[in-house]
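Undergrad: Provide a 3D model corresponding to the input given below.
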Amino acid sequence: MRREITLEEAAAIIGINPHDLERGFEQSRRDNNFIEKNYAKLLTRYPDRFVAVFQGRVVGSSKNIRRLRKSLLRKGIDPGWCAVGFLPTTPRTWILAQAA
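TA: Predicted coordinates:
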């Protein structure tokens, strides 16, 4: 059975200050909004690539998400705190099945 945990419990699990965790969540929301608001410009500059955004700026890109992760780690950036998006140049088709 799953239960929700508090911010304090989550911070203790990963070993950081609850205030820092809360700031990290807020920064992540801002970085995801950055990708959404700048999608067209990012798509022109990084077509068919994954982009990582941290603190309002692009900190890495790659066609391969594993390479992007390694690149971020080499720069000393924790990929877990980055907003990551894929910027496809061709539309993706989704086929959704109706649940019975």
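
Undergrad: use CA for all of it now, contacts and neighbours both
TA: Will do.

Undergrad: report the central residue of this structure.
TA: Nearest to the mean C-alpha position of the chain, counting by CA atoms, centre = their mean, stands residue 83 at 2.2 Å.

Undergrad: my guess is that residue meets residue 56, correct?
TA: No. Contact criterion CA atoms under 8 Å: residue 83 and residue 56 do not qualify, at 9.5 Å.

Undergrad: residues shared between the contacts of the two?
TA: Residues touching both residue 83 and residue 56 by CA atoms under 8 Å, 6 or more residues apart in numbering: residue 31.

Undergrad: longest helix of this structure?
TA: Counting residues, the longest helix found in the chain (DSSP state H) is helix 18-37.

Undergrad: residue 58 touches residue 51, doesn't it?
TA: Yes. Under the criterion of CA under 8 Å, residue 58 makes contact with residue 51 at 6.8 Å.

Undergrad: between these two, who's got more neighbours?
TA: residue 51 (24 against 17; other CA atoms under 10 Å).

Undergrad: residues contacting the helix or strand of the chain with the lowest mean pLDDT, please?
TA: Lowest by mean pLDDT, DSSP states H and E among the helices and strands of the chain is helix 7-14, with a mean of 87. With contacts defined as CA under 8 Å, 6+ apart, helix 7-14 is touched by 17-18, 21-22.

Undergrad: give me the buried subset of those residues.
TA: Buried members of those, counted by 16 or more other CA atoms under 10 Å: 18, 21.

Undergrad: now, which of the contacts of helix 7-14 sits nearest residue 63?
TA: Distances from residue 63 to those, taken as CA to CA, are shortest for residue 21 (29.4 Å).

Undergrad: show me the shaky parts of this structure.
TA: For the chain, applying pLDDT under 70 flags the ranges 100.
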